[in-house]
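Colleague: heads up, no residue letters with this:
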């Protein structure tokens, strides 16, 4: 089944404890992206990747890192999480970024205490 | 200029009624306008999309109306059903540019509730 998977789905952590949210897609898509969803703010892009080893900042990159060593994986790293990073995170992939459907993962709900 | 403004923020419609959600944009380079549907606990999923060479696109009960001169587009849900209750996001992107300008820009979402 073609899909985007994220792990973990739920995470409660404490301020400053490094964490990684994994994202994997099995559709051989070139483009991958991370979004955060907050009430009243919609979906805001954190980072995106046009292909392997090519990443760039989105609208809200502060406090996040990403890497794209393999085409299928695009992990999101929070090296020192803070409470303002409490949010619902979505990974998405697309054959290309331009004018193509983006396929979203099921989301990761992160709480930083 | 990269913003997509979506209204209303929430919408309550009776079963069988018409739901209408509106979006407006400023960037005339946008040439792809999708709508995403998100159910609670799920990721957004593409519902329907339009390009500016047509003024309307219909798929079942869902229709996008596009007004290029006004830089507005809207989603119409005919014969709304309780199963349509979800959050809807409009979005826009441009194929003229690479990099960040080719990314999808999302509206802030509309929470639709269809009452039985």
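Modeller: Nice, thanks for sending it over. Fair warning: this is a prediction, and the values are worked out from it, not measured in the lab.
Colleague: near chain A, which residues of chain B are found?
Modeller: Selection of chain B residues close to chain A by C-beta under 8 Å from any C-beta of the partner chain yields B:6, B:9, B:31-32, B:34, B:36, B:41-46, B:49, B:51, B:89, B:93-95, B:98-100, B:102-104, B:106-109. (C-beta placed from N, C-alpha, C; glycine too.)
Colleague: just for chain B, where's the confidence low?
Modeller: Counting by pLDDT under 70, the ranges of chain B that qualify are B:1, B:96-102.
Colleague: for chain A, what's the nearest residue on it?
Modeller: Here the residue of chain B nearest chain A is residue B:43; by C-beta to the nearest C-beta that distance is 3.3 Å.
Colleague: what's the distance between that residue and residue A:5?
Modeller: 11 Å (C-beta to C-beta, to the nearest Å).
Colleague: more neighbours, those two?
Modeller: The residue with more neighbours, out of residue B:43 and residue A:5, is residue B:43; 21 against 14, by other C-beta atoms under 10 Å in any protein chain shown.
Colleague: the closest residue to chain B within chain A: neighbour count?
Modeller: Nearest residue of chain A to chain B (C-beta to the nearest C-beta) works out as residue A:104 at 3.3 Å. A total of 23 residues lie near residue A:104 under the criterion other C-beta under 10 Å.
Colleague: so what sits against both of residue B:43 and residue A:5?
Modeller: Counting by C-beta atoms under 8 Å, 6 or more residues apart in numbering or on different chains, the common neighbours of residue B:43 and residue A:5 are A:105-106.
Colleague: what sits closest to residue B:84 if chain neighbours are left out?
Modeller: In space, and not counting its chain neighbours, residue B:84 is closest to residue B:114: 5.2 Å by C-beta to C-beta, 6 or more residues apart in numbering or on different chains.
Colleague: if you could redo that for residue B:36, that was the one I meant.
Modeller: Leaving aside its sequence neighbours, residue B:36 sits nearest to residue B:44 (C-beta to C-beta, 6+ apart; 3.9 Å).
Colleague: what residues are up against the one you found?
Modeller: Going by C-beta under 8 Å, 6+ apart, residue B:44 touches A:43, A:90, A:104, B:36-38, B:89.
Colleague: please repeat the previous calculation with a cut-off of 6 Å.
Modeller: By C-beta atoms under 6 Å, 6 or more residues apart in numbering or on different chains, the contact list for residue B:44 reads A:104, B:36, B:38.
Colleague: any idea which of the residues you listed is closest to residue B:14?
Modeller: Nearest to residue B:14 among those: residue B:38, at 21.9 Å, using C-beta to C-beta.
Colleague: where along chain B do the helices fall?
Modeller: Read by DSSP state H, chain B holds no helices at all.
Colleague: where do the strands sit along it?
Modeller: Counting by DSSP state E, one finds strands in chain B at the ranges B:4-7, B:10-14, B:19-25, B:33-38, B:45-50, B:56-59, B:62-67, B:72-77, B:86-92, B:105-106, B:110-115.
Colleague: follow-up on the earlier one: apart from its neighbours in sequence, what residue is nearest the residue of chain B closest to chain A?
Modeller: That would be residue A:104: by C-beta to C-beta, 6+ apart, it lies 3.3 Å from residue B:43.
Colleague: over to residue A:74?
Modeller: residue A:32 is the one closest to residue A:74 (C-beta to C-beta, 6+ apart), at 4.0 Å.
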